[in-house]
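Asker: Sequence first, predicted coordinates after that:
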Number of protein chains: 2
Amino acid sequence: MKKVAIVGAGQSRYGDFPDKGIKELFFEAYKDMISSVDNGIDPKSIESAYIGNLGSGGFQLGNMSALVTEYCGLTHLNTMRIENACASGGYAIIAAAMDVLSGAHEVVLAGGVEKMTDVSGMKQKYWLGVSGDTEYERLAGTTFAGLYALMAQRHMHEFGTKREQLSMVAVKNHKNGAQNPKAQFQREITMEQALKGPIVAHPLNLFDCCSTTDGASALIICDADMAKKYTDTPVYVAGFGGASDFLAIHDRVSTVALEGTKRAAAAAYKMSGLSPKDIQTAEVHDCFTIAELLAYEDLGFCEKGKGGQYMEEGHTKLDGDRPVNASGGLKSKGHPIGSTGTGMAYEMFNQLRGTIQKPARQVKGAEVGLIHNVGGSGGTVAVSILRR
Amino acid sequence: MKKVAIVGAGQSRYGDFPDKGIKELFFEAYKDMISSVDNGIDPKSIESAYIGNLGSGGFQLGNMSALVTEYCGLTHLNTMRIENACASGGYAIIAAAMDVLSGAHEVVLAGGVEKMTDVSGMKQKYWLGVSGDTEYERLAGTTFAGLYALMAQRHMHEFGTKREQLSMVAVKNHKNGAQNPKAQFQREITMEQALKGPIVAHPLNLFDCCSTTDGASALIICDADMAKKYTDTPVYVAGFGGASDFLAIHDRVSTVALEGTKRAAAAAYKMSGLSPKDIQTAEVHDCFTIAELLAYEDLGFCEKGKGGQYMEEGHTKLDGDRPVNASGGLKSKGHPIGSTGTGMAYEMFNQLRGTIQKPARQVKGAEVGLIHNVGGSGGTVAVSILRR
């Protein structure tokens, strides 16, 4: 099988921007991406574009992949909007990689954008609730915080996972995000703050939950054979996998594991010829703190049920043996839905090249990293393994 | 380059079904697709699925590709929702073909579904308007009928296209649709009716406009080398192309041509090694009658400006030398947005295999057919060329 490489990556600031819509946000990421290509790139050479997006800012629901790329001056593209809820960006990467591997196009853009703030509360609530199984979950009154709270309760019950271990995820990710100039919340929080946040859905409190964020990100993906034309240090997509599961958690074989994560990771490991022990750093989908512990287990970083202990032992801290969410994660960097997956790849591109802006956040010497992006409460999951 | 083939195709009835949501509609197409595979297929062999959809029935906005495939018993898929307004289905075919060509998966589903009736009028209006350039078009008060009316006016002004020539498209497509047991409107209309319909946006009247439709369709696409395992008469995807353009028609180089159609067709012709003269039959995007005339021209079936004359000369009638919209087209078969592109492929699969249900509508001896699917007023266009 051919291989593909990432040769450029850009990201907008993540945050709350009343003066920016989806066009402006995406353009910010696009400009950053173009300027990141070491040897330069002619935008006309981009032939195809896959844009992850859930709600289009409540403004432009259809055809938005053509609209945001048109705003960047590109009107000649094979472009598609990819929507898999919060995993839209992760799947945009898979679609772009397949496009290049198919031989249909040589230089392809994978990106994502979401405008979540400054739209009416009704719409926000509507968008977010609509990615579960509406008939059995949303109309019955559950929210995503509620669904992940159920998983957290059960994990505590079955495995003795501690409340403190959840908060450790939040403290770690805020510590990392404090060093990320593009993060939404660039500040640390204390263990005491993390434990005492107002309850959102027991046992999850405010500091267990990610935020509502505006943001965009974009990558240039091309055939590995032509990557050196653009940069001496491409980052290769060694493997990828996407997997679905029942949307409603009551339908699943387990409420303490995401089968989608296991299957997507298995596909990515198989394609890359790598295994969990080879993963030196990862960006995982910490929409809620419990989700990061589940990811440790389902990606094979530790045994099922040991996620809390794995966190507590410090493996995933910046100075641990396998730093996770060095960017700050969804928790601190922010979670602009459609952009989250490609934003993870932006981070990993820079981590593996050693080009993180602030050295305090640079993972030392990592050559292999994994990105993990979850849609809904696990109905869709995308995993990619990147390699320097 | 490898080749891919379609080995099964299914479609639900198109129409107004108060008792069916997106899950039920898609399952109807899925069942039909599975039973269409001559030598049978184990659903577990389907590895990946691309589902075209715009509005998800106003019910389930996120993660719906996983939801509708879960309802068919498939929870192990690399699945993505593809959204490019009315061209969503046409792009789902391109995404599925690339997936197979990439070597990532061997057996892939491309489908589409839309639930448009029995949702609130506000939502319908909102969905449909949102696929133009909202800032410059929707918020200024234009509708899609209005945009195509502008194109029709200009086409009449520049080329002398006649009102009667527009109506001939409607009469032809209703005549074909009357023979299609899955069409929304299975009845003929007279030239007098077509000319005297109530005005929607001058010069377009009711009979120049397609309808609001519920429906779904699904295809099985696999590597051409393994196609004979499933059927002795696969239909090959000889070429495909997707192309974008400015969403707002005032930004475009011409208001009497869709550059997206020209570019997408050029890519599909190039990949297939075929040219317009090789196309024996086509399903084109007749969301409005003028759109079918533009398609004749932009796909290269006749010269620019001669679309009305080409219609009048009868080339595209069922007994003409190049039948177009033998299914009844969007006009009579119906236009369930996300399903329209894959529904065209369902029709062409049966036309090229000679398995059209009613012989009266069977195009005789065609070996090469083209399908043409437009998003918005031309912001995105997908073209595929199928070959027996």
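Answerer: Great, that's in hand.

Asker: Grab the nearest non-local neighbour of residue A:39.
Answerer: Nearest residue to residue A:39, sequence neighbours excluded (Cβ to Cβ, 6 or more residues apart in numbering or on different chains): residue A:230, at 5.4 Å. Yep, even glycine has a C-beta here, placed from its N, CA and C like the rest.

Asker: What distance do you get for the residue nearest to the spatial centre of chain A to residue B:223?
Answerer: In chain A, the residue lying closest to the centroid (Cα atoms, centre = their mean) is residue A:341, at 3.3 Å. Using Cβ to Cβ, to the nearest Å, residue A:341 is found at 28 Å from residue B:223.

Asker: what do you get for residue A:293?
Answerer: Counting by Cβ to Cβ - residue A:293 and residue B:223 are separated by 40 Å.

Asker: More neighbours: these two, which one.
Answerer: Set residue A:293 next to residue B:223 and count neighbours by other Cβ atoms under 10 Å in any protein chain shown: residue A:293 wins out with 31 against 18.

Asker: can I assume the more buried one is in contact with residue A:165?
Answerer: Yes - between residue A:293 and residue A:165 there is a contact at 6.9 Å, judged by Cβ atoms under 8 Å.

Asker: what residues are shared contacts of the two?
Answerer: Contact criterion Cβ atoms under 8 Å, 6 or more residues apart in numbering or on different chains; residues shared by residue A:293 and residue A:165: A:307-308, A:311.

Asker: Closest to chain B out of those residues?
Answerer: Each of these was scored against chain B by Cβ to the nearest Cβ, and residue A:307 proved nearest at 23.5 Å.

Asker: And the residue of the stretch 201-350 of chain A closest to chain B?
Answerer: Counting by Cβ to the nearest Cβ, the stretch 201-350 of chain A gets nearest chain B through residue A:242, at 3.7 Å.

Asker: Chain neighbours aside, what residue packs nearest to that residue?
Answerer: Spatial nearest neighbour of residue A:242, chain neighbours left out: residue B:78 (3.7 Å); criterion: Cβ to Cβ, 6+ apart.

Asker: ok, that neighbour - contacts?
Answerer: Contacts of residue B:78 (Cβ under 8 Å, 6+ apart): A:94, A:241-244, A:267, B:47-49, B:99, B:104-105.

Asker: Just the terminal-to-terminal distance for stretch A:44-51.
Answerer: When the termini of stretch A:44-51 are compared using Cα to Cα, to the nearest Å, they are 18 Å apart.

Asker: which stretches of the stretch 251-388 of chain A form strands?
Answerer: For the stretch 251-388 of chain A, the strands defined by DSSP state E, counting those that start in this stretch cover A:281-283, A:368-375, A:380-387.

Asker: CA atoms of stretch A:262-271 as PDB?
Answerer: Included here for stretch A:262-271 are C-alpha records, laid out as PDB according to Å, rounded to 0.1, in the frame of the first residue of the first chain:
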ATOM      1  CA  LYS A 262     -11.100  -0.600  20.200                       C
ATOM      2  CA  ARG A 263     -12.100  -1.400  16.600                       C
ATOM      3  CA  ALA A 264     -10.800   1.900  15.100                       C
ATOM      4  CA  ALA A 265      -7.500   1.500  17.000                       C
ATOM      5  CA  ALA A 266      -7.200  -2.200  15.900                       C
ATOM      6  CA  ALA A 267      -7.500  -1.100  12.300                       C
ATOM      7  CA  ALA A 268      -4.900   1.700  12.700                       C
ATOM      8  CA  TYR A 269      -2.500  -0.600  14.500                       C
ATOM      9  CA  LYS A 270      -2.900  -3.300  11.900                       C
ATOM     10  CA  MET A 271      -2.300  -0.900   8.900                       C
END
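
Asker: What lies in contact with it?
Answerer: With Cβ under 8 Å, 6+ apart, stretch A:262-271 has contacts from A:1, A:238-243, A:245, A:275-276, A:298-300, A:370, A:372, A:381-385, B:76, B:78, B:104.

Asker: Next, the buried residues of that stretch.
Answerer: Residues of stretch A:262-271 classed as buried by neighbour count (16 or more other Cβ atoms under 10 Å in any protein chain shown): A:262-265, A:267-269, A:271.

Asker: do the same with stretch A:354-374
Answerer: A:356, A:361-363, A:366, A:368-374.

Asker: tell me which of these is nearest to chain B?
Answerer: Distance to chain B, by Cβ to the nearest Cβ, is smallest for residue A:374 among those, at 10.4 Å.

Asker: Where does pLDDT dip in chain A?
Answerer: For chain A, residues meeting the criterion pLDDT under 70 lie at A:1, A:57-59, A:120-130.

Asker: What segments of it are helices?
Answerer: Ranges of helices in chain A, per DSSP state H, are A:22-36, A:64-71, A:88-102, A:121-129, A:144-159, A:163-177, A:191-195, A:227-230, A:259-272, A:289-298, A:307-312, A:329-332, A:340-353.

Asker: quick revisit: Serialize the buried residues of stretch A:354-374 to CSV and add fields for distance to chain B.
Answerer: Conversion of the buried residues of stretch A:354-374 to CSV gives the following (distance: Cβ to the nearest Cβ, whole Å):
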residue, distance to chain B
A:356, 30
A:361, 31
A:362, 32
A:363, 29
A:366, 26
A:368, 20
A:369, 21
A:370, 17
A:371, 16
A:372, 15
A:373, 12
A:374, 10
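
Asker: Tell me the spacing between residue A:15 and residue A:341.
Answerer: Relative to residue A:341, and taking Cβ to Cβ, residue A:15 is found at 19 Å.

Asker: What of residue A:119?
Answerer: The value you get for residue A:119 to residue A:341, if Cβ to Cβ is used, is 21 Å.

Asker: what do you get for residue A:292?
Answerer: 16 Å.

Asker: And residue A:197, by the same measure?
Answerer: Using Cβ to Cβ, we find residue A:197 at a distance of 27 Å from residue A:341.
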